[in-house]
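Engineer: this one's structure only:
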């Protein structure tokens with residue numbers, strides 16, 4: 001059973017001044033200083049990210065996300081989308097459906113990598129590892145997702161993520177029926193409190 005190790009907080013900070021290396025995704029590069037009538041140059045801060053109460057960055061189905069970014073999201077060495085989420089898909093001949101009170105989620109994922117830093121290469125396979133995923137409910141409860149056994153594993157997203165490569169595949173997990181969203185959680189929060197990404201279910 002694989003569980004991702006803790007990720008250094010500095011690498012997860014969004015545009016943190018103390019982090020000189022690549023950052024997690026940003027909506028746009030920070031504007032350059034502009035001249036003004038005063039002697040000191042003026043700068044504009046990047047737009048503040050809006051996180052959920054749990055610290056996740058909300059994403060729409062099909063919306064691009066990224067990690068290990070130098071400026072904007074296009075500069076990220078890891079880019080990915082959750083293209084679709086099937087709820088309680090039909091199980092294959094030898095598959096096992098979710099138990100009562102639970103449901104199966106089948107995430108259809110697309111992922112592209114560029115030249116990754118050593119840290120990004122470590123993080124890449126953990127983003128959609130089932131043990132990194134959480135089921136969140138409107139009642140505020142957060143549940144650890146469990147690997148599902150309903151669909152064939154041959155269509156699953158690769159566990160080996162190489163640089164300069166493209167991947168598509170599925171990730172199957174079980175969560176309680178009450179879950180209304182699914183999140184990819186970092187083991188430790190970044191210095192700004194962010195914890196990862198979250199997508200709506202249904």
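Structural biologist: Looks like it arrived, so ask away. The shown structure was predicted, so the numbers you read here are calculated from the model rather than taken from an experiment. Numbers count the residues shown, from 1 in each chain.
Engineer: so what's residue 143 bridging to?
Structural biologist: Under DSSP bridges, the beta-bridge partners of residue 143 are residue 135.
Engineer: For the protein, give me the ranges with low pLDDT.
Structural biologist: Where the chain drops to pLDDT under 70, the residues are 1-48.
Engineer: run the last query once more with 80
Structural biologist: Applying pLDDT under 80 to the predicted model, the residue ranges of the chain that meet it are 1-49, 187-188, 190-192, 202.
Engineer: List the buried residues for stretch 129-149?
Structural biologist: By neighbour count, and taking 16 or more other Cβ atoms under 10 Å as the criterion, the buried residues in stretch 129-149 are 129-137, 143, 145-146, 148-149. Bear in mind the C-beta positions are built from the backbone N, C-alpha and C, glycine included.
Engineer: Give me the nearest residue to residue 92, chain neighbours excluded.
Structural biologist: Spatial nearest neighbour of residue 92, chain neighbours left out: residue 152 (4.8 Å); criterion: Cβ to Cβ, 6 or more residues apart in numbering.
Engineer: can you tell me how far the one you found sits from residue 158?
Structural biologist: The spacing between residue 152 and residue 158, counted by Cβ to Cβ, to the nearest Å, is 15 Å.
Engineer: And residue 85, by the same measure?
Structural biologist: Residue 85 sits 19 Å away from residue 158, going by Cβ to Cβ.
Engineer: And those two? Which one has more around it.
Structural biologist: Ranked by neighbour count (other Cβ atoms under 10 Å), residue 85 and residue 158 place residue 85 first, with 19 against 13.
Engineer: beta partners of that one?
Structural biologist: residue 107.
Engineer: In contact with it: list those residues for me.
Structural biologist: Contacts for residue 85 (Cβ atoms under 8 Å, 6 or more residues apart in numbering) come out as 61, 105, 106, 107, 108, 182, 199, 201, 202.
Engineer: Residue 124: which of those residues is nearest?
Structural biologist: The shortest distance between residue 124 and any of the contacts of residue 85, using Cβ to Cβ, involves residue 107 and amounts to 15.9 Å.
Engineer: where exactly do the helices run in the chain?
Structural biologist: Residue ranges of the helices in the chain, as given by DSSP state H, are 118-123.
Engineer: Please enumerate the strands of it.
Structural biologist: Under the criterion DSSP state E, strands of the chain are mapped to 56-58, 65-67, 78-87, 102-113, 133-137, 142-144, 146-147, 166-176, 179-185, 196-200.
Engineer: Let me have the ones you listed in JSON lines, extended by distance to residue 119.
Structural biologist: What follows is these, written out as JSON lines (distance: least, Cβ to Cβ, whole Å):
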{"stretch": "strand 56-58", "distance to residue 119": "19"}
{"stretch": "strand 65-67", "distance to residue 119": "10"}
{"stretch": "strand 78-87", "distance to residue 119": "11"}
{"stretch": "strand 102-113", "distance to residue 119": "13"}
{"stretch": "strand 133-137", "distance to residue 119": "21"}
{"stretch": "strand 142-144", "distance to residue 119": "24"}
{"stretch": "strand 146-147", "distance to residue 119": "25"}
{"stretch": "strand 166-176", "distance to residue 119": "19"}
{"stretch": "strand 179-185", "distance to residue 119": "17"}
{"stretch": "strand 196-200", "distance to residue 119": "16"}
